[in-house]
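>>> sequence? don't have it. structure:
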């Protein structure tokens, strides 16, 4: 990678990805784009450009102007927000990806990296150690677009030899940026409320297990996949996993450090989404092919989250 363009650069993952890639490649070689106003991490003065991923001509202009060789396509409407407006989720997620792939094909971009999600799995997938290859029958529009996106990226690899790479993220927990409408957002909210000394009402049942990953691992995973030797990659999409957690697990971990924290459980429509997803993920292919391995477990994540959030909120 020499010069990269990031869509969705103001999102939960995109904003931290910008920071890490700028440190690695230099600010001038990371073109951050989003339809939203830049955040504290992604400043206009550091090479930010407003971009709607549905505007193919503007995307093509930026790719040509900055001689981009790699696109990280992070822009998407997530699961919970997508169920409130599935038509918008389909349009942004599918047409946005198609625009990125077509611009990459036409303008000679070497590589497109776009994350998928555990939302690609449905109720008929194995709940424990869900493998890379299993039925993909999601029950959300977000999941539907992720399955279609995986297949579309594979098609461009096979048809046009475009180097497409994807990884299925679990729930992401971050201390730095607010979540953006995903079903697993409760995990971040629990930490924030705990540090502020506020009780939390959780919309997922206490004993519902889901796969999770701490943001530093999530950023490292996508960068390592993007940088991996193409000869080692036997797939276009990989499972990645770190922790199997319930809301109760996170609550008890927080209480080790903030014992006064209180949680009430009132499941809502997001409970059904959570129950359709795996409890844990088999990621041995990622570990074998490109050396993936998480560095954070629950306790290490909780200590780091609380320390960082205290600096922000106290």
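Arrived safely, thanks for sending. In this text, all values refer to a predicted model and were calculated from it rather than measured experimentally.

>>> okay, now residue 79: neighbour count?
Residue 79 has 28 neighbours, counted by other Cβ atoms under 10 Å. The way it works is simple: take the backbone N, C-alpha and C, and place the C-beta from them, glycine included.

>>> Okay, the residue lying closest to it once chain neighbours are set aside and residue 82: tell me how far apart.
Using Cβ to Cβ, 6 or more residues apart in numbering and skipping the chain neighbours, the partner closest in space to residue 79 is residue 142 (4.1 Å). For residue 142, the distance to residue 82 equals 4 Å [Cβ to Cβ, to the nearest Å].

>>> Helix, strand, or coil at residue 22?
On the three-state scheme (DSSP: H, G, I helix; E, B strand; the rest coil), residue 22 is labelled helix.

>>> what's the pLDDT at the nearest residue to residue 35 once chain neighbours are set aside?
Nearest in space to residue 35, with sequence neighbours left out and distances taken as Cβ to Cβ, 6+ apart, is residue 52 at 4.9 Å. According to the prediction, residue 52 has pLDDT 97.

>>> now residue 52: how far from residue 262?
42 Å.

>>> Neighbour count for those two, which is higher?
Between residue 52 and residue 262, counted using other Cβ under 10 Å, residue 52 has the larger neighbour count: 16 against 12.

>>> Pretty sure that one sits against residue 33.
No: under the criterion of Cβ atoms under 8 Å, residue 52 is not in contact with residue 33, lying 9.1 Å apart.

>>> got the contact list for the top strand by length along the chain?
When the chain is parsed with DSSP state E, its longest strand is strand 163-169. Residues outside strand 163-169 that contact it (Cβ atoms under 8 Å, 6 or more residues apart in numbering) are 13, 101, 110-118, 120, 146, 149-150, 153-154, 156-157, 213, 218, 221-222, 225-226, 228, 230, 233, 236-240, 281, 286.

>>> Please identify the pairing partners of it and their relative orientation?
Sheet partners assigned to strand 163-169 using DSSP bridges are listed as strand 111-113 (parallel), strand 116-117 (parallel), strand 237-239 (parallel).

>>> pLDDT averaged over the last one - what is it?
Mean pLDDT, strand 237-239: 98.

>>> The next helix-or-strand element following that strand pairs with which strands?
Using DSSP states H and E, the helix or strand that follows strand 237-239 in sequence is strand 243-245. When sheet partners are counted by DSSP bridges, strand 243-245 sits next to strand 210-214 (antiparallel).

>>> Can you give the contact residues for the strand it pairs with?
Residues from elsewhere that reach strand 210-214, judged by Cβ under 8 Å, 6+ apart: 118, 169-174, 184, 187, 221, 240-246, 274, 277-281, 294, 296, 300-301, 304-305.

>>> Now a ChimeraX select for only the buried ones of these.
The buried residues among the contacts of strand 210-214 can be selected in ChimeraX (16 or more other Cβ atoms under 10 Å) with this line:
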select :118,169,170,171,172,173,174,184,187,221,240,241,242,243,244,245,246,274,277,278,279,280,281,294,296,301,305
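
>>> what number of residues lie near residue 268?
Residue 268, neighbours per other Cβ under 10 Å, totals 12.

>>> Helix, strand or coil: sort out it for me.
At residue 268 the chain is in coil, as set by three-state DSSP.

>>> can you tell me how far it sits from residue 248?
Taking Cβ to Cβ, one finds residue 268 at 17 Å from residue 248.

>>> same question, residue 23
Using Cβ to Cβ, residue 23 is found at 37 Å from residue 248.

>>> Give the residue from those two that has the larger number of neighbours.
Neighbour count, other Cβ under 10 Å: between residue 23 and residue 248, residue 248 has more, with 16 against 10.
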